[in-house]
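Chemist: I need the structure of the sequence given here:
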Amino acid sequence: MAMWVFGYGSLIWKTGFPFDESLPGFIKGYRRVFHQGSTDHRGTPDFPGRTVTLEAAHGEVCCGVAYKITKEEDKRDALMHLEVREKQYDQKEYVDFFTDSDASEPAVTGVMVYIASPDKKSNNNYLGPAPLEDIAKQIVKAKGPSGPNRDYLFNLEEALAQLGFKDKHVTDLANQVRRILSETQELDIDATANNV
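Modeler: Numbers count the residues shown, from 1 in each chain. Modelled structure (predicted):
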């Protein structure tokens, strides 16, 4: 029996495990939010970055990619990889995955997805909601072993666009980060000009 994994963050553009098939589509009843702290990839324990998790949201959908893995060895490798990579995500759910917005039946059932819950007892890296400006400032400054937090955001925005998906939260946040970076660059140019 095949194992299916749903990617809604960096798994969209960087799986890191072998798979047989990938399907773009969506899950229902969730929305993508930058509420999870990253102390091991896009930030540090002293200054965590922000990565996406899922939040239950009636009537909403979250677009991403489902990966089908059929070989037993590939399933083991994928699970070992994901358990390390997603170690800060404290829940696994099994969801219905859709590829057609008009379909009443899912394309695939029982698709595994990693979720970082808001339960601070089991997920001490949960940062929770904050004003868009504050999240953007944190993303601009955060950097970890996997690189700058802004790269994660921009890669996600680009990967969703390449699949033809729109996510207002991701787009608004990316635009806010670009605005902050532009203002910072302008300040740097002004400071350099004043020192000449």
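
Chemist: Tell me the confidence at Asn194?
Modeler: Here, the pLDDT recorded for Asn194 equals 56.

Chemist: burial of Val113, as a residue count?
Modeler: 24 (other CB atoms under 10 Å). Yep, even glycine has a C-beta here, placed from its N, CA and C like the rest.

Chemist: what's the spacing between Arg31 and Leu54?
Modeler: Computed as CB to CB, to the nearest Å, the Arg31 to Leu54 distance reads 7 Å.

Chemist: Between those two, tell me which one has more neighbours.
Modeler: Using other CB under 10 Å, the more surrounded residue of Arg31 and Leu54 is Leu54, with 28 against 18.

Chemist: so the nearest residue to the more buried one once chain neighbours are set aside bridges to which residues?
Modeler: Distances taken as CB to CB, 6 or more residues apart in numbering place Tyr30 nearest to Leu54, at 4.3 Å, with adjacent residues excluded. On the basis of DSSP bridges, Tyr30 is bridged to Ala56.

Chemist: Relative to Met80, how far out is Tyr30?
Modeler: From Tyr30 to Met80 the distance is 26 Å (CB to CB).

Chemist: can you check Arg32 too?
Modeler: For Arg32, the distance to Met80 - CB to CB - is 25 Å.
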